[in-house]
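S.K.: How does the following fold in three dimensions:
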Amino acid sequence: MASGKDETQPFERRLRMGMIGGGRDSFIGAVHRQAATLDGSVELVAGALSSTPERSRRSAQEVYIPEQRAYGTWEEMLEHESALPPAERLDFVSILTPNYLHYPIAKAFVEAGFHVILDKPMVLNSEEANDLARAVEEAGVVLAVTYNYTGYPLVKQARHLVKTGQVGEIRKVVLEYSQGWLRTKLEDTGHKQAVWRADPSQAGIGGAIGDIGSHAEHMVSTVTGLEIEELCADLTTFLPGRLLDDDANVLLHFTNGARGILTASQICTRQENNLSIHVWGSEGGLEWYQEHPNHLRFYPADGPLQVMSRGSSYLCEAAKRATHIPAGHPEGFVEAFANIYRNATDTMRARLRGIEPTELELDFPDVYAGARGVFFIEKVVESSKSGSKWTPAQWKRG
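M.R.: Here you go, the predicted model:
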């Protein structure tokens with residue numbers, strides 16, 4: 001176990017981060033590094049950044065990781081870091097590998113007593129998800145999943161409007177996530193991201209539904225607080241020879257009687273990252289668009305349209321906490337990512353101090369959110385293959 005008291009108080013130093021995956025040619029690796037270190041409270045000190053020892057060490061040099069902590073493999077990193085004294089070893093690891101490696105790496109570091117931040121979807125199936133959740137509970141560590149879109153300030157404001165009853169009883173939710181980057185068979189060109197995301201042995205059973213549909217499910221759950229009771233899914237693979245879905249359309253029934261539509265597609269020509277959520281209730285409605293993230297549209301039943309702006313004094317405390325610069329200066333993707341890191345690492349800091357984290361610090365997608373997302377992917381795939389119209393899909397802790 002990597003437990004033991006660090007005589008250096010956590011509030012007197014930056015938390016020490018290790019990264020697994022996210023090396024050269026990785027878009028998301030750079031985003032994670034920027035997000036984790038944005039507020040200066042985290043430092044990247046170790047890494048196993050690629051699938052081969054040579055590439056891993058070369059990638060580590062490029063991001064200024066010290067040579068003695070530039071590891072060839074994650075197993076080497078785990079062994080060496082576990083042997084270090086508490087005042088030197090890592091506080092947490094960030095795992096950015098293809099999906100099939102999430103579970104073995106995360107479980108190994110959790111069982112060794114390290115906190116973990118993990119890319120989505122959390123693991124490949126519910127058996128792995130439930131086992132990882134048990135390991136997190138037993139080790140008493142923090143595990144966060146980077147559903148980064150719920151880190152935007154105005155997504156938190158949308159959640160606040162729902163929680164405080166300003167939308168009323170929710171009746172309908174529409175979630176769209178459209179991209180166009182896989183409208184051709186990009187995986188046949190050797191494109192690194194397309195190759196593994198289109199491979200069931202590396203990505204899992206879901207294509208578009210796993211890659212971006214999991215974000216959509218988390219967005220719905222976070223903003224509305226609703227639970228899915230059953231769903232009816234239609235998954236399509238438009239490109240001949242592609243092994244996973246590239247288009248998903250899902251009808252949702254929620255436990256409160258509300259209805260929902262969720263669509264996630266990666267073959268929509270000229271669409272970049274078109275994520276939006278629309279919530280309609282008995283007393284009002286709201287709309288938020290990821291490509292224009294600094295504004296939230298709220299439609300009260302008996303008043304004019306309100307357009308809420310990021311950085312404004314009237315926003316809820318969670319939205320204010322998630323804001324980095326004053327109103328009128330746009331914030332975007334990296335800052336939203338950074339909010340997941342900030343809350344997760346502030347929770348780690350509280351644990352290291354032996355105190356309870358605050359509600360605001362605990363505002364990040366945890367291992368149970370990750371497990372629910374995996375379950376959702378499974379149920380969508382099951383429904384799409386089924387001859388039945390509706391598939392029961394209410395998630396419960398395993």
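
S.K.: And the helices in the stretch 51-200 of the chain?
M.R.: Counting by DSSP state H, counting those that start in this stretch, the stretch 51-200 of the chain forms helices over residues 53-62, 74-83, 102-111, 126-139, 153-163, 192-197, 200-203, given from the N-terminal end onward.

S.K.: thinking Gly373 is in contact with Glu217, fair?
M.R.: Yes. With contact defined as C-beta atoms under 8 Å, Gly373 counts as touching Glu217 (5.7 Å). The way it works is simple: take the backbone N, C-alpha and C, and place the C-beta from them, glycine included.

S.K.: before we move on, back to that, would you reformat the helices of the stretch 51-200 of the chain as a markdown table and include mean neighbour count, distance to Glu176 and mean pLDDT?
M.R.: Putting the helices of the stretch 51-200 of the chain into a markdown table (neighbours: other C-beta atoms under 10 Å; distance: least, C-beta to C-beta, whole Å; pLDDT from 0 to 100) gives the following:
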| stretch | mean neighbour count | distance to Glu176 | mean pLDDT |
| --- | --- | --- | --- |
| helix 53-62 | 17 | 35 | 93 |
| helix 74-83 | 17 | 36 | 98 |
| helix 102-111 | 22 | 26 | 98 |
| helix 126-139 | 18 | 26 | 98 |
| helix 153-163 | 23 | 15 | 98 |
| helix 192-197 | 17 | 20 | 94 |
| helix 200-203 | 15 | 22 | 97 |
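
S.K.: what would those look like in a markdown table with distance to Ala336?
M.R.: Conversion of those to a markdown table gives the following (distance: least, C-beta to C-beta, whole Å):
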| stretch | distance to Ala336 |
| --- | --- |
| helix 53-62 | 25 |
| helix 74-83 | 27 |
| helix 102-111 | 21 |
| helix 126-139 | 24 |
| helix 153-163 | 8 |
| helix 192-197 | 20 |
| helix 200-203 | 23 |
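
S.K.: closest to Ser41 out of the ones you listed?
M.R.: With C-beta to C-beta as the criterion, Ser41 lies closest to helix 153-163 of these, at 19.0 Å.

S.K.: Against which helices or strands is the closest one packed?
M.R.: Using 3 or more C-beta pairs under 8 Å, 6 or more residues apart in numbering; DSSP states H and E as the contact definition, the elements that helix 153-163 packs against are helix 213-224, strand 274-281, strand 284-289, strand 292-300, helix 317-321.
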